[in-house]
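>>> The amino acid sequence is not available; the structure is as follows:
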């Protein structure tokens with residue numbers, strides 16, 4: 001081997017050593033940048049225009065009293081854009097209009113699972129709980145709203161008004177026990 005070949009091999013091994021030393025760090029940094037970019041892009045995602053049209057149609061149908069037509073439109077909007085969280089609020093309103101508070105609560109909880117700071121979902125769930133008669137759970141939702149949003153928040157005031165408007169439940173009167181059988 002000549003000195004030139006030895007030098008070339010030494011340079012090549014030094015280059016490979018540098019690549020192996022810095023490759024994991026470069027890969028980790030590129031992964032970090034890719035994840036950060038995808039997360040920031042996910043937060044700024046716009047709703048699909050077709051889904052928005054279906055939601056608008058569903059709201060018109062719901063305002064017109066056609067709850068089943070509204071539900072169909074909302075479900076179609078979810079099929080077009082599954083990431084559209086606001087549709088769950090509309091589905092919950094349609095369920096409440098049909099008197100299906102349990103189903104509405106499930107929709108509100110799905111909206112909250114997707115966006116834990118969705119005050120409209122917390123308030124709507126609380127109102128559905130009031131309609132169902134679960135006043136303790138409704139008051140818990142109200143206290144959660146007061147903590148997160150404050151007492152002057154619109155959603156907090158709506159839920160507080162719904163709780164206040166609920167008539168108090170009367171307890172049964174106690175009747176005196178019979179002293180015994182008087183006739184047979």
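Received the coordinates, thanks. Remember, predicted model here, so these are calculated numbers, not experimental data.

>>> Could you list the low-confidence segments of this protein?
Applying pLDDT under 70 to the chain flags the ranges 1-10, 15, 22-23, 25-45, 168-184.

>>> the domain parsing of it - what is it?
Using automatic domain parsing, the domain parsing of the chain gives 1-36, 49-165.

>>> ranking the ones you listed by burial, who's on top?
Comparing those by mean neighbour count (mean count of other CB atoms under 10 Å), domain 49-165 comes out on top with a mean of 18. (Each C-beta comes from the backbone N, C-alpha and C, glycine too.)

>>> and residue 19, what element?
Assigned by DSSP states H and E, residue 19 belongs to helix 3-43.

>>> Tell me which helix or strand comes right after that helix.
Sequence-wise, the next helix or strand downstream of helix 3-43 (DSSP H and E) is helix 49-63.

>>> That next one packs against which elements?
Here helix 49-63 touches helix 67-80, helix 86-97, going by 3 or more CB pairs under 8 Å, 6 or more residues apart in numbering; DSSP states H and E.

>>> So which elements touch the shortest one?
This means helix 86-97. helix 49-63, helix 67-80, helix 101-114, helix 119-132.
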